[in-house]
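Peer 1: The following block contains a protein sequence and its predicted model.
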Amino acid sequence: MMDLQDKIYVAGHQGLVGSAILRRLQEEGYGNIVFKSHRELDLTRQSEVEAFFLAERPRYVFLGAGLVGGILANTTYPAEFFYSNLAVALNVVHSSYLAGVKKLLFLGSSCIYPREAPQPIPEEALLTSPLEPTNEAYALAKIAGLKMCSHYNRQYGTDFLSVMPTNLYGPNDHYHPEKSHVLPALLRKFHEAKETGASEVLLWGSGSPLREFLYVDDLAEAVVFLMENFSAPDLGETINIGTGEEISIRDLAERVRRVVGFEGEISWDSTKPDGMPRKLLDVHRILSLGWSPKVSLSEGLEGTYRDFKARWEAGTIVS
């Protein structure tokens with residue numbers, strides 16, 4: 001059980017996931033939280049990471065740092081996605097072991113599962129068939145990270161947990177036009193179309209793939225809950241975190257269009273890839289432990305768009 005004064009390191013505290021975890025910890029009264037910006041600490045540099053851990057000696061670590069993006073970014077920069085995410089996992093997990101970290105929570109992604117995995121996807125589907133080609137590099141790096149945690153637990157007796165969240169969205173998301181995930185990309189596209197008076201928005205793919213979306217503050221509640229109450233042997237090699245509900249990209253686009261207030265048409269470019277045809281996580285294990293999501297997709301979309309507009313008007317959205 002974490003004590004409110006235990007030193008906690010949140011890796012990636014400026015990103016979507018890390019900032020939500022930081023908010024949750026602060027709301028619960030944890031007052032000894034350590035975090036560094038990328039400029040202060042490059043997690044891909046082994047010597048920097050080891051020196052940081054040996055100097056700070058955090059007791060708990062949330063590893064939410066990493067390079068993320070949608071289909072376009074993953075297919076354009078696969079080497080960067082592979083190297084950056086693998087290096088971060090290698091350095092943070094190993095340094096946690098060297099520094100005697102009591103418990104680490106590694107955040108993976110539902111992208112780790114095979115393209116043709118059974119639906120909903122159980123944790124046991126990992127490595128049972130080929131990955132989705134459009135995000136293979138990212139998935140392999142995340143798989144290596146969770147396997148590293150598993151093998152360190154086995155050889156060294158560490159307590160390193162791995163969780164696999166579904167598609168995330170919410171405040172402080174990344175809205176880059178080429179590098180963001182589907183939901184923030186849709187918000188930006190429709191907002192810009194509304195601002196410019198465009199009559200149409202052209203979207204990638206057929207709109208037919210089915211996806212599951214989890215509000216990031218629900219994820220933060222889940223991972224803090226797991227860190228406070230469970231150890232790796234309780235959870236197995238990994239545990240899924242999601243809502244258990246899915247929506248087609250076409251229907252999602254319509255809902256985002258309405259939230260933004262764009263009144264034009266939506267067209268689909270079927271020459272562009274769809275990615276996995278369906279990706280719904282089996283979340284019965286985490287639900288059985290006592291956690292459940294609180295924020296509906298409708299409520300989450302409204303809150304996320306408010307965050308986007310505030311940042312857009314403040315000029316803090318990356319162009």
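Peer 2: Looks like it arrived, so ask away.
Peer 1: where does the stretch 151-300 of the chain dip in pLDDT?
Peer 2: 177 (pLDDT under 70).
Peer 1: Just the residues contacting stretch 34-47, thanks.
Peer 2: 7-11, 13-14, 18, 22, 48-49, 52, 56, 58, 65, 83-84, 87-88, 90-92 (C-beta atoms under 8 Å, 6 or more residues apart in numbering). All C-beta atoms are positioned from the backbone trio N, CA, C, and that covers glycine.
Peer 1: again, only using 10 Å
Peer 2: If you take C-beta atoms under 10 Å, 6 or more residues apart in numbering as the criterion, stretch 34-47 is touched by 7-15, 18-19, 21-22, 48-49, 51-52, 56-58, 61-63, 65-67, 83-92, 94-95.
Peer 1: now the end-to-end length of stretch 34-50.
Peer 2: Taking C-alpha to C-alpha, to the nearest Å, stretch 34-50 runs 15 Å from one end to the other.
Peer 1: one step back: now intersect the contacts of stretch 34-47 with the strands, please.
Peer 2: I8, Y9, V10, A11, V61, F62, L63 (DSSP state E).
Peer 1: Next, format those as TSV and append distance to H191.
Peer 2: Putting the ones in strands among the contacts of stretch 34-47 into TSV (distance: C-beta to C-beta, whole Å) gives the following:
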residue	distance to H191
I8	35
Y9	35
V10	30
A11	31
V61	36
F62	31
L63	32
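Peer 1: Quick check: the farthest pair among those?
Peer 2: Taking C-beta to C-beta as the measure, the ones in strands among the contacts of stretch 34-47 span a maximum distance of 11.8 Å, between I8 and L63.
Peer 1: which of the ones in strands among the contacts of stretch 34-47 tops the neighbour count?
Peer 2: F62 (30 neighbours; other C-beta atoms under 10 Å).
Peer 1: Tell me what that one is bridged to.
Peer 2: V10, L105 (DSSP bridges).
Peer 1: which residues touch it?
Peer 2: Taking C-beta under 10 Å, 6+ apart, we find F62 in contact with 8-13, 17-18, 21-22, 24-25, 33, 35, 103-107, 161, 220, 223-224, 227.
Peer 1: ok, D251 - contacts?
Peer 2: G207, L210.
Peer 1: buried ones in the helix or strand encompassing it?
Peer 2: Using DSSP states H and E, D251 sits in helix 249-260. Across helix 249-260, burial judged by 16 or more other C-beta atoms under 10 Å covers I249, R250, L252, A253, V256, R257, V259, V260.
Peer 1: contacting residues around the last one?
Peer 2: Which is V260. By C-beta under 10 Å, 6+ apart, the residues touching V260 are 186-195, 201, 301, 305, 308-309.
Peer 1: Repeat that for G205.
Peer 2: For G205, counting by C-beta under 10 Å, 6+ apart, the contacting residues are I71, V182, I249, R250, W268, D269, S270, T271, K272, P273, D274, G275.
Peer 1: just to revisit the earlier point, can you list the buried residues of helix 249-260 in CSV and add distance to W291?
Peer 2: Listed next are the buried residues of helix 249-260 as CSV, based on distance: C-beta to C-beta, whole Å:
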residue, distance to W291
I249, 27
R250, 30
L252, 24
A253, 29
V256, 27
R257, 32
V259, 27
V260, 31
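Peer 1: before we move on, back to that, of the contacts of stretch 34-47, which belong to helices?
Peer 2: 18-19, 21-22, 48-49, 51-52, 56, 83-92, 94-95 (DSSP state H).
Peer 1: Can you tell me which of those residues are classed as buried?
Peer 2: Buried among the ones in helices among the contacts of stretch 34-47 by 16+ other C-beta under 10 Å: 18-19, 21-22, 48-49, 52, 84-92, 94-95.
Peer 1: Closest one of the buried residues of helix 249-260 to E116?
Peer 2: Of all the buried residues of helix 249-260, E116 sits closest to I249, with 18.8 Å by C-beta to C-beta.
Peer 1: so the closest one makes contact with K272?
Peer 2: No: if you go by C-beta atoms under 10 Å, I249 and K272 don't touch, sitting 11.6 Å apart.
Peer 1: overlap in contacts of these two?
Peer 2: What both I249 and K272 touch, as defined by C-beta under 10 Å, 6+ apart, is the set L203, W204, G205, S206.
Peer 1: can you put those in TSV and add distance to E136 and secondary structure?
Peer 2: Output for these, formatted as TSV (distance: C-beta to C-beta, whole Å; DSSP: H, G, I helix; E, B strand; the rest coil):
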residue	distance to E136	secondary structure
L203	23	strand
W204	18	strand
G205	18	coil
S206	21	coil
